[in-house]
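Student: Sequence and predicted structure below; questions after.
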Amino acid sequence: MFLRPALEASAFIGFVFPGDVAVIVGGVAAWRGTVPLWAVITAAVAVAVDSAGYLIGRMWGEGLLHGSSGWFPVIDGHLDKRLESARAYRRTVRDA
């Protein structure tokens, strides 16, 4: 139950692994007594924090963007300009 929502929060994998369904199935399993309710709640809250996507982006985000931009030639020409715009926005928000 923890793995599916965690994969959903990961970069580009969320389209394949619907985490909401896993949380519902975990709830049903807890209702049937197969899994303790506290374990289902703990796993659901842990993945809801969505820190996995943040950490992936922080560590490998720019490399992933530049590596995958070759797949999408339309993005390749605008990527550096958009990244600089995003960095400027982040600096503005952080300094405010």
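Tutor: Great, that's in hand. Residues are numbered from 1 along each chain as shown.

Student: from here on, contacts and neighbour counts on C-alpha atoms
Tutor: Fine.

Student: Tell me which residues touch W38, please.
Tutor: Under the criterion of C-alpha atoms under 8 Å, 6 or more residues apart in numbering, W38 has no neighbours.

Student: Work out for me the element it sits within.
Tutor: Secondary structure from DSSP states H and E places W38 in helix 37-48.

Student: buried ones in that helix?
Tutor: Neighbour-count burial for helix 37-48 flags L37, V40, A43, A44, V47 (criterion: 16 or more other C-alpha atoms under 10 Å).

Student: Following the chain onward from it, which element is next?
Tutor: helix 51-68.

Student: got the CA coordinates for that next one in PDB?
Tutor: Taking Å, rounded to 0.1, in the frame of the first residue of the first chain, the C-alpha atoms of helix 51-68 are listed here in PDB:
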ATOM      1  CA  SER A  51       8.600  14.400  -0.300                       C
ATOM      2  CA  ALA A  52       9.700  11.700  -2.800                       C
ATOM      3  CA  GLY A  53       9.000  13.900  -5.800                       C
ATOM      4  CA  TYR A  54      10.600  16.900  -4.100                       C
ATOM      5  CA  LEU A  55      13.800  14.900  -3.300                       C
ATOM      6  CA  ILE A  56      14.000  13.500  -6.800                       C
ATOM      7  CA  GLY A  57      13.600  16.900  -8.300                       C
ATOM      8  CA  ARG A  58      16.100  18.400  -5.900                       C
ATOM      9  CA  MET A  59      18.800  15.800  -6.600                       C
ATOM     10  CA  TRP A  60      18.300  14.900 -10.300                       C
ATOM     11  CA  GLY A  61      15.600  17.300 -11.600                       C
ATOM     12  CA  GLU A  62      17.700  19.400 -14.000                       C
ATOM     13  CA  GLY A  63      19.500  16.400 -15.300                       C
ATOM     14  CA  LEU A  64      16.200  14.600 -15.900                       C
ATOM     15  CA  LEU A  65      14.800  17.600 -17.700                       C
ATOM     16  CA  HIS A  66      17.800  18.100 -19.900                       C
ATOM     17  CA  GLY A  67      18.000  14.300 -20.600                       C
ATOM     18  CA  SER A  68      14.300  14.000 -21.500                       C
END
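
Student: I'm done for today, thanks for sticking with me.
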